[in-house]
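Enquirer: could you look at this predicted model? Sequence included:
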Amino acid sequence: MLFPNNQELAYIRILIILPICIGVFYIIFKPNYEEIKQFTAKKVNKENNPEFVSKNTINNRFSSQLLINAMTQKEMRIQLGIHSSQASLIVNERKKRFFSNWEDFKERLPSLAPRVNEFKQLGAKIGGL
């Protein structure tokens, strides 16, 4: 049959209207994209911008949540930026007994010892559980 049925016509209409809508959306909002590009291209000066919040400031606000002795594997992966295998090492070692301090952590997990300073900068603490 040469003529499309109603369902095929509906699909054809969608295929025609969708790119037009995307084009109109782009034409209307393109200046906003340009403003965002210009804003992100500028260097943000901490001294001149009181609203500037550094990554460490944000993490330090939530440092009470970054307790190595209490974090789940998922929290460690997300908040500390470690691989799931490293997070499982921490959890497995923690099951034996909680970490008493960072030195204890380094001794029991020598593969993660180089990252201890990074964890501290993110606001992580061993915690006394």
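Expert: Arrived safely.
Enquirer: give me the distance between the two termini of stretch 66-80.
Expert: 8 Å (C-alpha to C-alpha, to the nearest Å).
Enquirer: show me which positions of it end up buried.
Expert: Residues of stretch 66-80 classed as buried: 66, 68-69, 71, 73, 76-77, 79-80 (neighbour count, 16 or more other C-beta atoms under 10 Å). C-betas here are computed from N, CA, C, even on glycine.
Enquirer: check stretch 105-124 too.
Expert: Buried residues in stretch 105-124, defined by neighbour count with 16+ other C-beta under 10 Å: 105, 108-109, 112, 115-116, 119, 122-124.
Enquirer: ok, now stretch 84-94?
Expert: 86-87, 89-90, 93-94.
Enquirer: okay, and which of those residues map to helices?
Expert: The helices, defined by DSSP state H, take in 86-87, 89-90, 93-94 from the buried residues of stretch 84-94.
Enquirer: wait, isn't Lys120 in contact with Phe105?
Expert: No. Look at Lys120 against Phe105 with C-beta atoms under 8 Å: they stay out of range, at 10.7 Å.
Enquirer: domain boundaries for this structure, per the record?
Expert: When the chain is parsed with automatic domain parsing, its domains come out as 1-42, 55-121.
Enquirer: tabulate those domains (TSV), appending mean pLDDT.
Expert: Converted to TSV, these look like this (pLDDT from 0 to 100):
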stretch	mean pLDDT
domain 1-42	75
domain 55-121	83
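Enquirer: tell me which element Glu8 falls in.
Expert: Assigned by DSSP states H and E, Glu8 belongs to helix 6-41.
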